[in-house]
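> give me coordinates for this.
(chains A, B, C and D)
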Protein chains: 2
Amino acid sequence: MPTTAAQHRSVPLVRELVRTYQAFEQLSNIRVREHGLTPAQFDVIATLGNTPGMSCKQLSEKTLITKGTLTGVLDRLLEKQLIVRRVDDKDRRSLFVSLSAAGEAVFDSTFSDVVLHCGSAYDGLSDQEIVDSIAMLSKLRAAISAKLES
Amino acid sequence: MPTTAAQHRSVPLVRELVRTYQAFEQLSNIRVREHGLTPAQFDVIATLGNTPGMSCKQLSEKTLITKGTLTGVLDRLLEKQLIVRRVDDKDRRSLFVSLSAAGEAVFDSTFSDVVLHCGSAYDGLSDQEIVDSIAMLSKLRAAISAKLES
DNA sequence: TATTGTTATACTCTATAACTATA
DNA sequence: TATAGTTATAGAGTATAACAATA
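Residues are numbered from 1 along each chain as shown, chains lettered A, B, ... in the order given. Okay, the predicted model is just below:
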């Protein structure tokens, strides 16, 4: 008898992971949009926050936004004057992207608010449950990363 | 001293949840697109699979796709002849959406393949780890759902 | 030749609000 | 009046490939 998706032991895990994150994403996206940002823009701001900046290539790798798309997202953040884009002196093919002063202000207020808002859902969990959850998610992530690289 | 995002104990959990799911989503979306479907279309097909069908309203609630958007997604699935849309005799405002024969065939092949592909990342986990992970995710989801409803 | 990022193209998703038909 | 779904609108993200500048 061949193994079908319905029989494989990991299927319930996949389904639960998807359901859990969909709920989280809904909570997060509503809050992000209340700050006047799209999820992709928030992702970029969050990635640039507390860093000196980085190249488009690095930003693309961290946010999983492909380079063609990233140009458009960065254009809109530039219009809002939340980032600065300048040529890297050492490699003139490369652009160095960082938050502007206004961008840092948005990061400080928006990122904290969104993360605290979403995180407050977990106020009922014990410290131990939080530690265990992080460890488990980390294990799941490692398994996926290994698969992505294979 | 006020509580800032960086200090709150749930912040690492939020970050790890996001990172883990982003990796999963990347793995899943690549596979979904290889089957000629967008993530939203796949979501609809997966939701309709193994059901007799449902109204647009139910489908919207399950997929978290808003009704205006859902119309467009369903239009494109209709073009591909993967779904059937017909008026509900009992409430003629309502539409009953279900998979066509072709849609069921796509569900059978695509859904299994995507779930098995993603699920195979977890082949290294023990049965107990899988059970524990599901329980933990379920707890996280319940906490988020409670927040969404508040 | 390879890499970084932009541009061009075409499509899909997204939120929102006004609208139609039915209840 | 309320609900189910469509249409209209405007904007944003997406993949992909061709391209320019630089390495």
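
> and residue A:79, how many residues sit next to it?
When counting by other Cβ atoms under 10 Å in any protein chain shown, one arrives at 9 neighbours for residue A:79. Heads up, the C-betas are built off the backbone N, CA and C, glycines and all.

> pLDDT score for it?
With respect to pLDDT, residue A:79 scores 96.

> how much space between it and residue A:72?
11 Å (Cβ to Cβ, to the nearest Å).

> next one: residue A:59
Between residue A:59 and residue A:72 the computed distance is 13 Å (Cβ to Cβ).

> now do residue A:121
Going from residue A:121 to residue A:72 by Cβ to Cβ gives 32 Å.

> three-state assignment of residue A:89?
With DSSP: H, G, I helix; E, B strand; the rest coil as the basis, residue A:89 sits in coil.

> now swap in the one 4 residues further on and tell me
Following three-state DSSP, the label given to residue A:93 is coil.

> report the central residue of chain A.
Geometric centre of chain A, nearest residue: residue A:43, 4.8 Å, by Cα atoms, centre = their mean.

> who touches it in this structure?
Counting by Cβ atoms under 8 Å, 6 or more residues apart in numbering or on different chains, residue A:43 touches A:63, A:65.

> remind me which helix or strand it belongs to.
helix A:39-48 (DSSP states H and E).

> so the next helix or strand after that helix, near DNA strand D or not?
Sequence-wise, the next helix or strand downstream of helix A:39-48 (DSSP H and E) is strand A:54-55. No - for strand A:54-55, no contact with DNA strand D is found by Cβ under 7 Å from any atom of the strand; the gap never falls below 12.2 Å.

> about what we covered before: return the set of buried residues in the helix holding residue A:43.
A:40-48 (16 or more other Cβ atoms under 10 Å in any protein chain shown).

> where do the helices sit along chain A?
Using DSSP state H, the helices of chain A run over A:11-34, A:39-48, A:56-63, A:67-79, A:101-106, A:112-119, A:127-149.

> redo these as JSON lines? Include distance to residue B:65.
As requested, the helices of chain A are exported to JSON lines (distance: least, Cβ to Cβ, whole Å):
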{"stretch": "helix A:11-34", "distance to residue B:65": "11"}
{"stretch": "helix A:39-48", "distance to residue B:65": "15"}
{"stretch": "helix A:56-63", "distance to residue B:65": "23"}
{"stretch": "helix A:67-79", "distance to residue B:65": "21"}
{"stretch": "helix A:101-106", "distance to residue B:65": "28"}
{"stretch": "helix A:112-119", "distance to residue B:65": "21"}
{"stretch": "helix A:127-149", "distance to residue B:65": "25"}
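
> distance to DNA strand C added to those helices, as JSON lines?
Output for these, formatted as JSON lines (distance: least, Cβ to the nearest atom of the strand, whole Å):
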{"stretch": "helix A:11-34", "distance to DNA strand C": "6"}
{"stretch": "helix A:39-48", "distance to DNA strand C": "9"}
{"stretch": "helix A:56-63", "distance to DNA strand C": "3"}
{"stretch": "helix A:67-79", "distance to DNA strand C": "3"}
{"stretch": "helix A:101-106", "distance to DNA strand C": "16"}
{"stretch": "helix A:112-119", "distance to DNA strand C": "15"}
{"stretch": "helix A:127-149", "distance to DNA strand C": "17"}
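
> indicate which one of those helices is closest to residue B:94.
helix A:11-34 (24.1 Å; Cβ to Cβ).

> wait, does the closest one contact DNA strand D?
No - judged by Cβ under 7 Å from any atom of the strand, helix A:11-34 stays clear of DNA strand D, getting no closer than 10.2 Å.

> so which elements touch that helix?
Secondary-structure packing of helix A:11-34 (3 or more Cβ pairs under 8 Å, 6 or more residues apart in numbering or on different chains; DSSP states H and E): helix A:39-48, helix A:112-119, helix B:11-34, helix B:112-119, helix B:127-149.

> export it to CSV, keeping only CA atoms.
Output in CSV follows, covering the C-alpha atoms of helix A:11-34 (Å, rounded to 0.1, in the frame of the first residue of the first chain):
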residue,chain,number,x,y,z
VAL,A,11,0.6,15.9,7.8
PRO,A,12,-1.2,17.0,11.0
LEU,A,13,1.9,18.9,11.9
VAL,A,14,2.0,20.7,8.6
ARG,A,15,-1.7,21.6,8.9
GLU,A,16,-1.4,22.9,12.4
LEU,A,17,1.7,25.0,11.5
VAL,A,18,-0.2,26.6,8.7
ARG,A,19,-3.4,27.2,10.7
THR,A,20,-1.4,28.7,13.6
TYR,A,21,0.6,31.0,11.5
GLN,A,22,-2.4,32.1,9.4
ALA,A,23,-4.1,33.2,12.6
PHE,A,24,-0.9,35.0,13.7
GLU,A,25,-0.5,36.7,10.4
GLN,A,26,-4.1,38.0,10.4
LEU,A,27,-3.5,39.5,13.9
SER,A,28,-0.2,41.0,12.8
ASN,A,29,-1.3,42.3,9.4
ILE,A,30,-4.2,44.1,10.8
ARG,A,31,-2.0,45.9,13.2
VAL,A,32,0.7,46.7,10.6
ARG,A,33,-1.8,48.2,8.2
GLU,A,34,-3.1,50.4,11.1
